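Participant: Prediction below, plus the sequence it came from.
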Amino acid sequence: MDSGEIARISAWLTTQGLKGSDEMEIMRGFCEHLREAGLPLDRGLALIDTLHPVYEGRAFQWDSREPGKGMFEYGPTNEGVSEENWKRSPFYHLRETNGNELRRRIGFGDPTDFYALDTLLADGHRDYIAMIHRFSPDAHIGDMDCFYSHWTTADEGGFSDQEVDALRSLVPVLALAIKAGSLSRVTRTIAEVYLGEDAASHVLEGRITRGKAERISAVLWFSDLQNYTRITESLAPDEIIPFLNDYADAVITSIHEAGGNVLKLIGDGTLAIFKAEEREDACRRALDAERRLRGKLADLNARRAMEGRPTTEVYLGLHIGDVFYGNIGSADRLDFTVIGPAVNEVSRIASLCRFVDRTVVMSSPFVAAAPPPGDREVVSIGRYALRGVKLAQELFTLMPVPETDV
């Protein structure tokens, strides 16, 4: 490869990074450009850690013989077999020795003394180079502190000195391009995890001006756990978080699967909204979420009971009304949420579940807008004065459809 080819590929990588192209597309294009320029690359692997509640990082794999290879996410590398493999890897060695590059000409007698080098040799690869490009301590998020990569060839002569120099020149530019895409992905992940998908979209679109809010009509969901205080007072401290996580997962996944957006987790409570062009559709989604939740709770409680762990139910209030949706707070600490009388009302409605011994209580406006739930009957439970609400209102619950005699 001559300097002109290196400059051309470097310019291409810079363009992809500025565009925010998909990381795997960048990796694939980079490897294909190298081969087109005459560098006999047969396999490339790039790894970059991320900030995610489940995954430790993302890997981008390209193979000249297997075009179907691509991106995969990996879990923690500090436990079990994953930890053993990590500590046997060239990357771990480079981190521990503060090195930047490791080469093994495995087809020419060099030892296969690191994880997977013997497999590469058996697959016909003859030359192997691993690299680490570190980020500044002030320029990384979470464990995203460096860019790992390795490059192999099955060429009979291995990589030439000129080809190794080309990789040394170009891989740092690849690292920057992939880091740009990864940081954008991490930003969106953090926003969605802590704000919810819909609120995150608003924030990432730039709607972060203090006091900027829009008036929307939405179905409001507020739920909390039955006997939460009593149960947690009797639990060992290290059991409280798993208990909350089990039930929060059932609630949140039910809402998301039905097209809702979770706005707040308040201890054992969950505030969510369902939006749609038609009120009936928003109500239908909320009822679908409630139905999904009951199924998940049945499975969860059965599992926890078998494990000898405490179980509970979820109390749910459903309401519909106009709310302000946007940024509330101080100049340096904002919350993207909903406010308005309807928000207070739905929490009061949910709190009545304990009093009327029902797991779901719905407001009159919600019932008026909702489609009839075919598998259950909407039943009035009477008029109630809600705390902080001037007028008493009729409330409803869901009951199984009575069986008819044949």
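Facilitator: Yep, that arrived.
Participant: distance of residue 218 from residue 336?
Facilitator: Taking C-beta to C-beta, to the nearest Å as the measure, residue 218 falls 14 Å from residue 336. For the C-beta atoms, the positions are set from N, CA and C on the backbone; glycine is no exception.
Participant: wait, I meant residue 225
Facilitator: Distance from residue 225 to residue 336, by C-beta to C-beta: 25 Å.
Participant: do residue 108 as well
Facilitator: 59 Å.
Participant: Those two: which has the busier surroundings?
Facilitator: residue 336 (23 against 10; other C-beta atoms under 10 Å).
Participant: excluding its backbone neighbours, what's nearest that one?
Facilitator: residue 199 (4.3 Å; C-beta to C-beta, 6 or more residues apart in numbering).
Participant: Tell me the helix or strand right after the helix or strand harbouring residue 58.
Facilitator: Counting by DSSP states H and E, the element that carries residue 58 is strand 57-63. Once strand 57-63 ends, the next helix or strand along the chain (criterion: DSSP H and E) is strand 71-74.
Participant: From residue 226, how far off is the residue nearest to residue 311 when sequence neighbours are not counted?
Facilitator: Using C-beta to C-beta, 6+ apart and skipping residues adjacent in sequence, the residue nearest residue 311 is residue 301, 4.2 Å away. The gap separating residue 301 from residue 226 is 11 Å, by C-beta to C-beta.
Participant: what do these two both touch?
Facilitator: residue 312 (C-beta atoms under 8 Å, 6 or more residues apart in numbering).
Participant: mind checking the SS state of the spatially most central residue of the chain?
Facilitator: Closest residue to the average C-alpha location of the chain: residue 189 at 5.4 Å, with C-alpha atoms, centre = their mean. Recorded secondary structure, residue 189: helix (DSSP: H, G, I helix; E, B strand; the rest coil).
Participant: per-domain residue ranges of this structure.
Facilitator: 3-193, 206-400 (automatic domain parsing).
Participant: for the helix or strand encompassing residue 203, packing partners?
Facilitator: Using DSSP H and E, residue 203 falls within helix 197-204. With contacts defined as 3 or more C-beta pairs under 8 Å, 6 or more residues apart in numbering; DSSP states H and E, the packing partners of helix 197-204 are helix 161-195, strand 261-266, strand 333-339.
Participant: could I get the last one in CSV with only the CA atoms?
Facilitator: The C-alpha trace of strand 333-339 is given here as CSV (Å, rounded to 0.1, in the frame of the first residue of the first chain):
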residue,chain,number,x,y,z
ARG,A,333,-31.1,20.0,37.1
LEU,A,334,-34.1,19.2,34.9
ASP,A,335,-36.6,16.4,34.8
PHE,A,336,-38.5,15.5,31.7
THR,A,337,-41.9,14.4,32.9
VAL,A,338,-45.6,15.1,33.0
ILE,A,339,-47.4,17.4,35.4
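Participant: Tell me which helix or strand comes right after that strand, heading toward the C-terminus.
Facilitator: helix 341-356.
Participant: Residue 65 reaches residue 124, doesn't it?
Facilitator: No: applying C-beta atoms under 8 Å as the test, residue 65 and residue 124 come out as separate, 9.1 Å apart.
Participant: The least confident helix or strand in the chain by mean pLDDT to strand 333-339, inter-axis angle?
Facilitator: Least confident element among the helices and strands of the chain, by mean pLDDT, DSSP states H and E: helix 197-204 (a mean of 79). Per axes from the mean of the first three to the mean of the last three C-alpha atoms, to 10 degrees, the angle that helix 197-204 makes with strand 333-339 is 130 degrees.
Participant: Quick one: name whatever helix or strand follows helix 197-204.
Facilitator: Next element after helix 197-204 (DSSP H and E): strand 213-225.
Participant: Now do that following strand: which elements does it pack against?
Facilitator: Right, strand 213-225 is packed against helix 237-257, strand 269-274, helix 279-306, strand 314-330, strand 333-339, helix 341-356 by 3+ C-beta pairs under 8 Å, 6+ apart.
Participant: Take the ones you listed and lay them out in a markdown table including mean pLDDT.
Facilitator: Below are the helices and strands packed on strand 213-225 laid out as a markdown table (pLDDT from 0 to 100):
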| stretch | mean pLDDT |
| --- | --- |
| helix 237-257 | 95 |
| strand 269-274 | 95 |
| helix 279-306 | 96 |
| strand 314-330 | 90 |
| strand 333-339 | 82 |
| helix 341-356 | 92 |
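Participant: Next, report how far stretch 335-346 is displaced from the centre of its chain.
Facilitator: Remark: stretch 335-346 is offset 25 Å from the chain centroid, using C-alpha atoms, centre = their mean, to the nearest Å.
Participant: how long is it from one end to the other?
Facilitator: One end of stretch 335-346 to the other measures 19 Å (C-alpha to C-alpha, to the nearest Å).
Participant: what's in contact with it?
Facilitator: In this structure, residues lying in contact with stretch 335-346 by C-beta under 8 Å, 6+ apart are 195, 199, 202-203, 213, 218, 220-222, 263-264, 271, 273, 317-329, 363, 386, 388-389.
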